[in-house]
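**Student:** Test case, fold it:
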Amino acid sequence: MGALRSPHKTQNLFENSAVSFKVALDMKILDFKSATFWSDMAEACTPAAAAANISEIVGGIVDAVRARKDAALLEFTEKFDGAKLNAASMRVSQAEIKAAAKAVPAADKLAIKRAIECVEFFNKNTKPKAWRKKNPQGAIIGETFYPIERVGLYIPGGQVPLVSTVVMTATLAKIAGCPQICVCTPPSKDGSINAHLLCALSLLKITEIYKAGGAQSIAAMALGTNTIPAADKIFGPGNAFVIEAKRRLFGEVGIDLLPGPSEVLIIADASANASYIAADLLSQAEHGSGKEKIYFVTTSAPLVKKVQAEIEKQSATLARAEKLKKIIAEGCYVVIAPTLDAAAKTANYVAPEHMELHLPLAKAEALAKKITTAGAVLIGEDTPTVLGDFTAGPSHTLPTGRTGRFSSGLQVADFMRRSSYVKYSKQSCKKALPVVEAFARMESLDAHGRSLSIRK
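**Tutor:** All right, here's what the predicted structure looks like:
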């Protein structure tokens with residue numbers, strides 16, 4: 001793992017434990033009791049800087065799609081994905097969708113169906129409902145919710161087709177009742193789309209699918225091209241270019257979140273299973289951007305050595321062993337906390353995307369009540385993040401980079417818009433008149449006051 005940040009801050013933690021200082025030297029360990037702990041945490045939480053030229057590149061892509069529409073989109077698809085398409089072949093055909101559904105093994109298709117069932121079960125309970133009530137002046141007030149007319153979903157493809165993102169995004173759009181749902185996903189060099197992605201979309205009865213990826217597809221959905229009508233709001237994760245395109249186009253089109261690389265924070269005490277913790281840390285490192293953030297907060301210094309040994313042991317058996325170890329070395333931070341309350345305080349500062357509580361269940365439930373910023377809280381050692389990634393029910397599209405301090409994970413309400421409902425009668429207008437006249441005087445807006453007083 002990476003070099004120790006400040007050896008003088010952590011050496012005492014291990015002097016009276018079974019953990020050798022050599023092991024500690026291989027890890028980025030922060031001491032909660034250090035005078036510089038919070039500034040160290042701020043540095044640890046700072047997202048890796050994007051390449052300086054990303055903004056310039058994305059700006060050029062967006063401008064080109066804005067000006068030349070399909071022509072630019074097709075050029076970028078050939079340049080970045082190696083697929084030579086034309087306007088007619090850009091949209092996935094019904095024959096391709098049917099062939100994909102047949103090609104997917106029955107067991108995989110069943111797994112996708114089961115995941116959709118769990119996501120539907122959770123999210124149907126979160127769908128906002130219209131309401132009406134009388135206010136103190138006797139007027140009828142309330143809220144009405146409408147599905148967004150046309151939404152665009154970006155599904156990363158290529159070497160790592162995110163089938164789970166179809167389930168965790170498109171299912172919510174269907175529950176919201178969005179009349180038009182279009183999907184963009186990058187094609188392979190032969191112009192095909194991953195069969196499992198198409199199968200998942202067909203199970204959700206989504207058929208408007210385009211072979212387009214990257215920043216150019218975000219621009220296409222935001223601005224519209226000859227082939228792809230503009231969407232009202234865009235959803236979905238992606239690489240730094242995709243996120244920059246979403247950031248740049250926000251305002252011209254609605255945007256869900258600007259999620260960065262995956263994050264996990266694990267809180268554990270001395271009772272925790274080191275092999276479980278190591279497996280969960282490696283799991284999140286596997287997302288593959290190379291900029292994942294991984295936090296391990298524990299009240300047990302000896303547990304650190306056990307987890308380190310398990311990471312070495314388990315990573316040796318994994319396909320991407322060296323990449324995973326590099327990600328953990330560069331992006332894993334261990335915090336030695338004196339108490340679970342201190343661990344919770346640390347977690348609330350980090351505001352992690354996923355947070356696991358590797359504690360006895362009673363302790364985990366109690367500590368969960370003190371967590372206020374995590375995107376997802378996973379209770380107990382038998383609830384790894386992968387369950388939330390694939391099947392538990394809540395969407396796995398969650399805030400990262402400390403944005404959990406002020407935002408939440410994707411939900412059905414994000415696919416809807418809200419209008420307030422207000423209905424006054426002559427009688428309720430009379431009750432409101434003194435209030436309106438007072439505010440009109442205070443703000444020197446006499447026309448405002450007259451617009452109600454004229455209704456006497």
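**Student:** May I have the phi/psi pair for K426?
**Tutor:** As for K426, its main-chain torsions (degrees, to the nearest 10) stand at phi -60, psi -40.
**Student:** That one against R455, yeah?
**Tutor:** Yes - at 7.3 Å, K426 counts as touching R455 under the criterion of CB atoms under 8 Å. Quick note: C-beta positions are derived from backbone N, CA and C, even for glycine.
**Student:** quick one: which of the two has more around it?
**Tutor:** Just comparing K426 and R455: by other CB atoms under 10 Å the higher neighbour count belongs to R455, 11 against 8.
**Student:** what's the neighbour count on the residue nearest to that one when sequence neighbours are not counted?
**Tutor:** Residue nearest to R455 in three dimensions, not counting chain neighbours: C429, with 5.5 Å by CB to CB, 6 or more residues apart in numbering. Counted with other CB under 10 Å, residues neighbouring C429 total 17.
**Student:** What separation is there between C429 and V436?
**Tutor:** Using CB to CB, to the nearest Å, C429 is found at 9 Å from V436.
**Student:** Quick check: neighbours shared by these two?
**Tutor:** Both C429 and V436 are in contact with L452, where contact means CB atoms under 8 Å, 6 or more residues apart in numbering.
**Student:** mind listing what I148 touches?
**Tutor:** With contact set as CB under 8 Å, 6+ apart, I148 has these partners: A176, C178, D232, K233, G254, F415, M416, R417.
**Student:** now swap in H287 and tell me
**Tutor:** Listed by CB under 8 Å, 6+ apart, the contact set of H287 reads P261, S262.
**Student:** mind checking how far it is from K28?
**Tutor:** H287 sits 19 Å away from K28, taking CB to CB as the criterion.
**Student:** Using the three-state scheme, assign R418.
**Tutor:** Under DSSP: H, G, I helix; E, B strand; the rest coil, R418 falls in the strand class.
**Student:** on that earlier part again, surely the residue nearest to R455 forms part of a helix?
**Tutor:** Yes - assigned with three-state DSSP, C429 falls within a helix.
**Student:** okay, it: pLDDT?
**Tutor:** Looking at C429, its pLDDT reads 97.
**Student:** Name the nearest residue to I218, sequence neighbours excluded.
**Tutor:** Excluding its sequence neighbours, the residue lying closest to I218 (CB to CB, 6+ apart) is A245, at 3.8 Å.
**Student:** what number of residues lie near the one you found?
**Tutor:** Applying other CB under 10 Å, we find 30 residues neighbouring A245.
**Student:** Next: the one 3 residues further on.
**Tutor:** Other residues near R248 come to 19 when the count uses other CB under 10 Å.
**Student:** residues near P187, how many?
**Tutor:** Neighbourhood size, P187 [other CB under 10 Å]: 23.
**Student:** in this protein, which spans are strands?
**Tutor:** Along the chain, counting by DSSP state E, strands occupy 28-31, 131-134, 140-147, 150-154, 180-185, 208-211, 233-235, 254-255, 263-268, 293-298, 332-336, 354-358, 376-379, 416-423.
**Student:** Turn these into JSON lines, columns for mean pLDDT.
**Tutor:** Formatted as JSON lines, the strands of the chain follow (pLDDT from 0 to 100):
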{"stretch": "strand 28-31", "mean pLDDT": "90"}
{"stretch": "strand 131-134", "mean pLDDT": "98"}
{"stretch": "strand 140-147", "mean pLDDT": "98"}
{"stretch": "strand 150-154", "mean pLDDT": "98"}
{"stretch": "strand 180-185", "mean pLDDT": "98"}
{"stretch": "strand 208-211", "mean pLDDT": "98"}
{"stretch": "strand 233-235", "mean pLDDT": "98"}
{"stretch": "strand 254-255", "mean pLDDT": "98"}
{"stretch": "strand 263-268", "mean pLDDT": "96"}
{"stretch": "strand 293-298", "mean pLDDT": "95"}
{"stretch": "strand 332-336", "mean pLDDT": "95"}
{"stretch": "strand 354-358", "mean pLDDT": "98"}
{"stretch": "strand 376-379", "mean pLDDT": "98"}
{"stretch": "strand 416-423", "mean pLDDT": "98"}
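**Student:** In a markdown table, list those along with mean neighbour count and distance to S395.
**Tutor:** Below are the strands of the chain laid out as a markdown table (neighbours: other CB atoms under 10 Å; distance: least, CB to CB, whole Å):
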| stretch | mean neighbour count | distance to S395 |
| --- | --- | --- |
| strand 28-31 | 24 | 30 |
| strand 131-134 | 10 | 24 |
| strand 140-147 | 15 | 17 |
| strand 150-154 | 25 | 12 |
| strand 180-185 | 24 | 15 |
| strand 208-211 | 22 | 20 |
| strand 233-235 | 25 | 10 |
| strand 254-255 | 19 | 15 |
| strand 263-268 | 27 | 16 |
| strand 293-298 | 26 | 20 |
| strand 332-336 | 24 | 26 |
| strand 354-358 | 28 | 12 |
| strand 376-379 | 20 | 9 |
| strand 416-423 | 12 | 14 |
